[in-house]
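Asker: would you be able to build a 3D model of this:
(chains A and B, ligands or ions: 2)
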Amino acid sequence: MAVKVRIPTPLRKLTGGKEEVYVQGGSVTAVLDDLERNYPGIKERICEGDGKLRRFVNLYVNDEDIRFKENMNTQIKDSDELSIVPAIAGGFF
Amino acid sequence: MSYIKALKCRECGREYPKEALHVCEYCFGPLEVAYKYDEIKKSLTKEAITRRPANMWRYRELLPIEGDPTVGAQVGFTPLIRARNLADSLGVKELYIKNDAVNYPTLSFKDRVVSVAISRAREMGFKVVACASTGNLANSVAANAAACGMESYVFIPFDLEQTKILGTLVYGSKVVSIQGTYDEVNRLSSEIAGKYGWAFVNINIRPYYAEGSKSFGFEIAEQLRWKLPRHIVVPMAGGSLITKIWKAFKEFEMLGFVEGIEKTRVYGAQAAGCAPIVTAVKTGSELIKPVRPNTIAKSLAIGNPADGYYSAKVIRESNGWAEDSTDEEIIDAMKLLAETEGVFAETAGGVTLAVTKKLIAQGRIPVDESIVISITGNGLKTQEALQGRLVLPPVINASLKEFDGLVKSLEKKYAARG
Ligand SMILES: Cc1ncc(COP(=O)(O)O)c(C=O)c1O
Ligand SMILES: [Zn+2]
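Answerer: Ligands and ions are numbered 1, 2, ... in the order given. I've put the predicted structure just below:
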């Protein structure tokens, strides 16, 4: 069992072209750390140096924006889905 | 001579070539045009500007195209009127209306952004222009594309005012009406822009497009005889206009054309049925929580504003504030503006005036300092909003006797030559 992470087109260079990957972790932070272990370089594209989510990247846990949940501390369980979605001109990629 | 230096990410500062790019590849932040300000400083003077024709291109050094504008050379320099009647009604001393309800050619401020966007798109070799729009942008893209012989595609939410739809179709634009909100239209448009390689003025051309709004701010400062207003109220949809008015004031100050920007406050106006930026300002939040719009101010119905964060920042930075207005207040304000100043603004103008009233009543805008109200669109385009809101004219036969009876019933007394 693992958490499914959906990768947006501009970050797929870092996942070898994969649209979806599976990693471990019980919170958004933990999932992103495991993502970084598997696909080095990806976390800095999503987070600022201090670990804060970048302003123009949205993260959704099962379609819910984590900014309106507990942000990076939002809990994730196996079988949940984390989507990484760059916010573009009010819309999305 | 071009003064564009590069495109620059507003978030991480990475620079990109001046092409049709709008998002930072690295951090996904929006790109903005950077200028060679040193060179502009050397060559541009107030006197030079004053001698140029009365249109927005008198500030061309500060607008992002390389050659001459190839469409919309006549846009801008709309009236800034001293609104004495409205000032009396609001109980304030020095009130101005910047009236883009009479902008050329499609009667909204969007002609400013579109003439820049299409001129720049042509410089970059695009053959087809497009946009996602809440109505005014649709009109402007369609008209300006027609004027320069380009093909245009316009994507709108299905429930726009008839006038805005007909006023787009008439130019021969291909209009696609989408079952959904503007935010859904915009999302689809982003996908289409990527796939079809068209110049979507407010998507892949956005960094250039948005700069056009600065001319609204430049003109106000020049028309106030090179002074900045103490207070300016601006309607917000995506939040681009308000940020660019502020940028315009800052650029003029940096070039030494005006001073005292620290005294200028910028206020944002939205409809109560779609006020994500106002909410962020009022709650002191950095986050813009998207909403599903429900308002008669359809031109402002953007629930997930692209420049929401930066708008809230400008408002905070300038010590301004933000307010919203209900549909009822919007209609009342449209009538008030028309009755006091003879200016028929669209619903967005109703929003802006209603919010101005509120801010004055709250004491946030003092009554004895200069105030500018930004009127950005024309009431003839949103007449539907007034349906059932005005008393229809009495119908009589062509008879003097009937008219006399009417005058009597109105209890008016006119002398023979009254
Ligand atoms: C009449 C009118 N005023 C103001 C705006 C707001 O512009 P912005 O999206 O730059 O905030 C719009 C945008 O569509 C508009 O049509
Ligand atoms: Zn960046």
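Asker: which ones are touching the residue lying closest to residue B:164 once chain neighbours are set aside?
Answerer: Sequence neighbours aside, residue B:135 is the residue nearest to residue B:164 in space, at 3.6 Å (criterion: CB to CB, 6 or more residues apart in numbering or on different chains). (C-beta placed from N, C-alpha, C; glycine too.) If a contact means CB atoms under 8 Å, 6 or more residues apart in numbering or on different chains, then residue B:135 has B:156, B:160, B:161, B:164, B:298, B:299, B:381 as its contacts.
Asker: my guess is residue A:68 contacts residue B:290. True?
Answerer: No: Residue A:68 lies out of contact with residue B:290 (CB atoms under 8 Å); the separation is 9.6 Å.
Asker: just give me the neighbour total for residue B:40.
Answerer: Using other CB atoms under 10 Å in any protein chain shown, residue B:40 is surrounded by 15 other residues.
Asker: for it, which non-adjacent residue is spatially closest?
Answerer: Closest residue to residue B:40 apart from its sequence neighbours, by CB to CB, 6+ apart: residue B:61 at 4.9 Å.
Asker: chain B against ligand 2: which residues are in contact?
Answerer: B:9, B:11, B:12, B:14, B:24, B:26, B:27, B:29 (CB under 5 Å from the ion).
Asker: just the buried residues of these.
Answerer: Neighbour counting by 16 or more other CB atoms under 10 Å in any protein chain shown classes B:9, B:11, B:24, B:27, B:29 among the residues of chain B next to ligand 2 as buried.
Asker: and ligand 1, which of these reach it?
Answerer: Counting by CB under 6 Å from any ligand atom, nothing from these sits close to ligand 1.
Asker: now stretch B:14-24: average pLDDT?
Answerer: Stretch B:14-24 comes out with an average pLDDT of 96.
Asker: quick check: end-to-end length of that stretch?
Answerer: 8 Å (CA to CA, to the nearest Å).
Asker: which residue lies nearest the spatial centre of chain A?
Answerer: residue A:84 (4.4 Å; CA atoms, centre = their mean).
Asker: that one is in contact with residue A:39, isn't it?
Answerer: No: with contact defined as CB under 8 Å, residue A:84 does not reach residue A:39; the gap is 11.5 Å.
Asker: and the strands in chain A?
Answerer: Ranges of strands in chain A, per DSSP state E, are A:3-6, A:20-23, A:57-61, A:64-65, A:81-88, A:91-92.
Asker: between these, which has the poorest mean confidence score?
Answerer: Ranked by mean pLDDT, the strands of chain A bottom out at strand A:91-92, with a mean of 39.
Asker: report pLDDT for the closest residue to chain A within the stretch 1-150 of chain B.
Answerer: Using CB to the nearest CB, residue B:28 is the residue of the stretch 1-150 of chain B that sits closest to chain A, at 4.0 Å. Looking at residue B:28, its pLDDT is 93.
Asker: over to the one 3 residues further on?
Answerer: On pLDDT, residue B:31 comes in at 96.
Asker: surely it is in contact with residue B:16?
Answerer: Yes: applying CB under 8 Å, one finds residue B:31 in contact with residue B:16, separated by 6.1 Å.
Asker: okay, these two: which has more neighbours?
Answerer: Legend: neighbour count by other CB under 10 Å for residue B:31 and residue B:16, higher for residue B:31 (24 against 17).
Asker: quick one: contacts for the more buried one?
Answerer: By CB under 8 Å, 6+ apart, the neighbours of residue B:31 are B:7, B:8, B:9, B:10, B:16, B:21, B:22, B:23, B:24, B:207.
Asker: from residue B:126, how far off is it?
Answerer: Remark: distance between residue B:31 and residue B:126 (CB to CB, to the nearest Å) = 17 Å.
Asker: follow-up on the earlier one: kindly reformat the strands of chain A as TSV containing distance to chain B.
Answerer: Formatted as TSV, the strands of chain A follow (distance: least, CB to the nearest CB, whole Å):
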stretch	distance to chain B
strand A:3-6	15
strand A:20-23	19
strand A:57-61	6
strand A:64-65	8
strand A:81-88	4
strand A:91-92	4
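Asker: out of these, which is closest to residue B:170?
Answerer: Proximity to residue B:170 (CB to CB) singles out strand A:91-92 among these, at 27.7 Å.
Asker: which parts of the stretch 51-200 of chain B sit against ligand 1?
Answerer: Contacts of the stretch 51-200 of chain B with ligand 1, taken as CB under 6 Å from any ligand atom, map to B:108, B:134, B:136, B:137.
Asker: any idea which of those residues has the most stuff around it?
Answerer: In terms of neighbour count, residue B:136 stands highest of those at 31 neighbours, by other CB under 10 Å.
Asker: quick one: residues contacting that one.
Answerer: Per CB under 8 Å, 6+ apart, neighbours of residue B:136: B:106, B:108, B:109, B:110, B:164, B:299, B:376, B:377, B:381.
Asker: please apply the same query to residue B:57.
Answerer: Counting by CB under 8 Å, 6+ apart, residue B:57 has contacts B:63, B:69, B:73, B:75, B:76.
Asker: could you dump these into a markdown table and include pLDDT and distance to residue B:191?
Answerer: Shown next, in a markdown table, are these (pLDDT from 0 to 100; distance: CB to CB, whole Å):
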| residue | pLDDT | distance to residue B:191 |
| --- | --- | --- |
| B:63 | 98 | 29 |
| B:69 | 97 | 30 |
| B:73 | 96 | 33 |
| B:75 | 98 | 30 |
| B:76 | 98 | 33 |
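Asker: which one of those is nearest ligand 2?
Answerer: Nearest to ligand 2 out of the contacts of residue B:57 is residue B:63 (CB to the ion; 23.7 Å).
Asker: next, the buried residues of stretch B:256-276.
Answerer: B:257-258, B:264-276.
Asker: greatest separation within those residues: which pair is it?
Answerer: Pairwise distances across the buried residues of stretch B:256-276 (CB to CB) peak at 38.8 Å, for the pair B:257 and B:273.
Asker: give the residue farthest from the middle of chain B.
Answerer: In chain B, by CA atoms, centre = their mean, residue B:401 is the one farthest from centre (48.9 Å).
Asker: and that one, backbone torsions?
Answerer: Backbone torsions of residue B:401, given as degrees, to the nearest 10, read phi -60, psi -40.
Asker: and the residue lying closest to residue B:206 once chain neighbours are set aside, how close does it get to residue B:122?
Answerer: Leaving aside its sequence neighbours, residue B:206 sits nearest to residue B:22 (CB to CB, 6+ apart; 4.7 Å). Using CB to CB, residue B:22 is found at 18 Å from residue B:122.
Asker: much appreciated, bye for now.
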